[in-house]
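Undergrad: what's the 3D shape of this:
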Amino acid sequence: MTGAPVWVARADRYDQELCDRAVEALFAGLDCTREIGPGVKILLKPNLLARAAPGQAVTTHPAVVRAVIRACKKRGAAARDITVADSAGGIYNPAQMQALYRVSGLAEVCAEENVCAYTACETVKVPAEGRAAKEFELLKPVAEADFIIDLPKLKTHVMTGLTAACKNLFGTIPGLKKAEWHMRYPDRERFGEMLIDLLETVRPRMAVLDAVVGMEGDGPSGGEPRALGLLLAGEDLPGLDLAAAQLISLDPMRVPYLGAAHRRGLCGSAFDPAVLRGETDAFVPPVPAWKLPASFAKGGEGSTDFADVRMPGFLRPAVRTVENLLAPHPVIQTGKCIGCGKCAEICPQHTIELKNGRAHIHSGSCIRCFCCHEMCPAKAIAVRQRSVFRF
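TA: Purely as a prediction, here's the structure:
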């Protein structure tokens, strides 16, 4: 759907009436919303990365989720046919999900709107015709839905640079199964290919991006909230993410999943402002001095400096070794570590252990997926880059 419209609506705060109006304007602009009606099974997929209160900008805000539920009901969808579902990165079980819904504010929203907050934690295996994946294990309601609405939060990401519409679908894979995919594809490019395989398997009909307040810096959980005052929507998820990258001054071809989408002809190499619709004057990129992750600073993991250099083949292994030595990596800040073990639980390589009530990383086998950084509730894991003069 290259060139499909990206709809823009102002929302400078999470006032429910304001969010309702903004989301209704977005829904009115999208052709696919005509498919919503009685008997249509609707799946809403928010970003519920971890137990975090709405004000921390880690999860999709409940006011946005409520507004989308109401917009679906306005088009004839029955409350019993609307399900909210996601899985965080750790252990996936009913107790964990109930706590996640409660802390994020979505338990209250789902109860008041009489829709299902999915906690049964059943999964199904779904075949994929992808370049990197031939099968995915997905949350059961994702596989059974007629109409999937992706509800991402605009945040930076220490591994992929950006997490928005496409990356949010990684949450359709249950709990620790995500770690298996990181283990299988530690290389950013191949991981990006897998995410686009997932996009083409799940096939959401549309996405509404929560950019009222996003996250800058070392996201998706360790950064800082930053107001943007926008809601964006579209049927073309890679195109929507091109707009998100434009907002934060991030070259989309440094985002591995957007690079993969571009190679497949699913999006351009840069955002085209001609696709904007709605309150287009509110979309005024770039946001001044938006902080990218430390891993995407100049020369960081997101850099293509070495890739653009022509060199004899015999030198490439040595260059790759230097790149690996200098690449950003996770570091435990022992003074902040609370010894909860979340990082060890999620680590796909099992390189983290608890010693004397504190986490320790065996850096030699770290694949730099930054899962530990994502899941740390105490922001005790920093992203550091070694100096060329000191290792």
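Undergrad: low-confidence ranges, the stretch 1-150 of the chain, go.
TA: 1 (pLDDT under 70).
Undergrad: all strands for it, in order.
TA: 6-10, 42-46, 82-84, 116-117, 123-127, 135-139, 147-151 (DSSP state E, counting those that start in this stretch).
Undergrad: how many residues are close by G357?
TA: By the measure other Cβ atoms under 10 Å, the count of residues near G357 is 11. In short, each C-beta sits where N, CA and C put it, glycine included.
Undergrad: ok, D272 next?
TA: The burial count for D272: 15, using other Cβ under 10 Å.
Undergrad: ok, the residue nearest to it when sequence neighbours are not counted - contacts?
TA: Closest residue in space to D272, ignoring its immediate chain neighbours: G3 at 7.1 Å, by Cβ to Cβ, 6 or more residues apart in numbering. G3 makes contact with 236, 239, 272, 275, according to Cβ atoms under 8 Å, 6 or more residues apart in numbering.
Undergrad: can you pick the most crowded of those residues?
TA: Most surrounded of the contacts of G3: other Cβ under 10 Å gives G239, at 25 neighbours.
Undergrad: give me the element that residue is part of.
TA: helix 237-247 (DSSP states H and E).
Undergrad: what are the ranges of the helices in this protein?
TA: 16-29, 62-74, 94-104, 106-113, 140-144, 165-168, 177-184, 188-202, 237-247, 256-263, 316-326, 342-346, 371-375 (DSSP state H).
Undergrad: what's the closest of these to L44?
TA: helix 62-74 (6.1 Å; Cβ to Cβ).
Undergrad: check which helices and strands that closest one sits against.
TA: Here helix 62-74 touches helix 16-29, strand 42-46, strand 82-84, helix 106-113, strand 147-151, strand 206-216, going by 3 or more Cβ pairs under 8 Å, 6 or more residues apart in numbering; DSSP states H and E.
Undergrad: may I see the buried residues of the longest one?
TA: Applying a neighbour-count criterion of 16 or more other Cβ atoms under 10 Å, the buried positions in helix 16-29 are 18-20, 22-27, 29.
Undergrad: tell me what it is packed against?
TA: Counting by 3+ Cβ pairs under 8 Å, 6+ apart, helix 16-29 packs on strand 6-10, helix 62-74, strand 206-216, strand 224-234, strand 276-278.
Undergrad: neighbouring contacts of that helix?
TA: Taking Cβ under 8 Å, 6+ apart as the rule, helix 16-29 contacts 5, 7, 9-12, 33, 63-64, 66-68, 70-71, 74-75, 208, 212, 231-233, 277-279.
Undergrad: so what's the nearest residue to L195 once chain neighbours are set aside up against?
TA: Leaving aside its chain neighbours, L195 sits nearest to Y257 (4.1 Å; criterion: Cβ to Cβ, 6+ apart). Contacts for Y257 (Cβ under 8 Å, 6+ apart) come out as 160, 166-167, 191-192, 195-196, 199, 238, 241.
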